[in-house]
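J.: okay, predicted coordinates and the sequence, questions at the end:
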Amino acid sequence: MIALCIVPFFLRAYPIELLIMFFINAITVVSFRLIITTGGYNLGHWVLVGCGAYASAILGKSFGLPFAVALPLGGVIAALVGLLLSYPLVRMKGFGFFIGSYAAGEAVRLCWIQFHNPFGGINGVSMIPSPGIISLLGLPTIDFHNDIPYYFLSLAVMLVCVFLMYQIDRSHLGYTFKAIHTDDLLAQCVGININRYRMLNFVIAAFFAGIAGALLAYRVGAIEPRNFEIMGLVYILIWAVFGGTDTFAGPLIGLTIFTVIFEATRPLAAWRPMLFGAIMIVILIYLPGGIGDAVTKLPSFFKRLYSKLRRE
């Protein structure tokens, strides 16, 4: 944590921008993992990020709301869209939920394209206002449009969001979500309303996805429907599967490793699909639980190895 607070003062603009995007992606992939705890891969999750981006951008540009208000409202509006989509989706299971969530996400994205007012049609929303300039308690003025202030803003929002999702994951509510994933029929037999809890899970994840979208919109200054096509979803799936979804830290580990790989292979951009595909095949064969699951098992592995060596 101390390193994250110090490092931006020694970096150039591009690495700082990369870290800001990492923080936004961290919120996205952890919220995606939250939905998986009830047993479904939501292929419309990247569009929910877009809902938060569009909502906050329109509220800031057209209604003049400050960033401090538009940011949480972006999450709330994304949650409302998630509530609307969840009503039919929670009644689907397995492959049906997989395809249904993608279709629902594409329907939302099609609305952004077809309705020029207020979504801007194919051109989207541009000239989104900067987060703003504040001065508190006589402190120096802070312009959050600049790299370092926005870096710390994104870091703070990411830490709060990830902490809240961690608390949910470790709470009675989180264990209820996991019980539905483990055996939904058994969960229903002990009195758990499966559809209600799956809807709640969907809405909570959509809220945090919307927060990530709001951060993204205010950083890039312009958004359009093409920003939320299927390729963004593919990356979320790669981060989650590579890191593993059985542990809370798994998707964050996957995101970290793949961010490093992505940047290291920029000279080999044309070969990236093959490289990523090969990595995913190896992981699915030899580490089906993901890197995160393997990391959590390392202490017990070394303990067994130590005991074996002592016996010999």
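T.: That came in fine, so what should we check first?

J.: C-alpha only now, for contacts and for neighbours.
T.: Will do.

J.: care to break the chain down by domain?
T.: 2-228, 230-312 (automatic domain parsing).

J.: quote the end-to-end distance of the first one.
T.: The first and final residues of domain 2-228 sit 33 Å from each other (CA to CA, to the nearest Å).

J.: next, format the domains of the chain as TSV and append mean neighbour count and mean pLDDT.
T.: Output for these, formatted as TSV (neighbours: other CA atoms under 10 Å; pLDDT from 0 to 100):
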stretch	mean neighbour count	mean pLDDT
domain 2-228	19	90
domain 230-312	16	79
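
J.: quick check, distance from the helix or strand hosting residue 278 to the centre of its chain.
T.: For residue 278, the element it lies in under DSSP states H and E is helix 272-286. Centroid separation for helix 272-286 versus its chain: 22 Å, with CA atoms, centre = their mean, to the nearest Å.

J.: just the residues contacting that helix, thanks.
T.: With contact meaning CA atoms under 8 Å, 6 or more residues apart in numbering, helix 272-286 is reached by 238, 242, 262, 265, 290-291.

J.: I'd assumed residue 52 was in contact with residue 209.
T.: Yes - contact between residue 209 and residue 52 holds when scored by CA atoms under 8 Å: they sit 7.0 Å apart.

J.: overlap of the contact sets of these two?
T.: 75, 78.

J.: mind listing the strands for the stretch 201-312 of the chain?
T.: Secondary structure of the stretch 201-312 of the chain by DSSP state E, counting those that start in this stretch: no strands are present.

J.: ok, which stretches of the stretch 151-300 of the chain are helices?
T.: 172-182, 184-189, 194-220, 230-243, 250-264, 272-286, 290-311 (DSSP state H, counting those that start in this stretch).

J.: counting by contacts, list what the shortest one packs against.
T.: Helix 184-189 is packed against helix 194-220, with contacts defined by 3 or more CA pairs under 8 Å, 6 or more residues apart in numbering; DSSP states H and E.

J.: 10 Å instead?
T.: helix 172-182, helix 194-220 (3 or more CA pairs under 10 Å, 6 or more residues apart in numbering; DSSP states H and E).

J.: go on, the longest one?
T.: With contacts defined as 3+ CA pairs under 10 Å, 6+ apart, the packing partners of helix 194-220 are helix 13-36, helix 45-61, helix 67-89, helix 147-170, helix 172-182, helix 184-189.

J.: the second one versus helix 230-243: what angle between them?
T.: The reference is to helix 45-61. 120 degrees (axes from the mean of the first three to the mean of the last three CA atoms, to 10 degrees).

J.: got a markdown table for the helices of the stretch 151-300 of the chain, with distance to residue 121 too?
T.: Output for the helices of the stretch 151-300 of the chain, formatted as a markdown table (distance: least, CA to CA, whole Å):
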| stretch | distance to residue 121 |
| --- | --- |
| helix 172-182 | 37 |
| helix 184-189 | 41 |
| helix 194-220 | 16 |
| helix 230-243 | 18 |
| helix 250-264 | 31 |
| helix 272-286 | 30 |
| helix 290-311 | 39 |
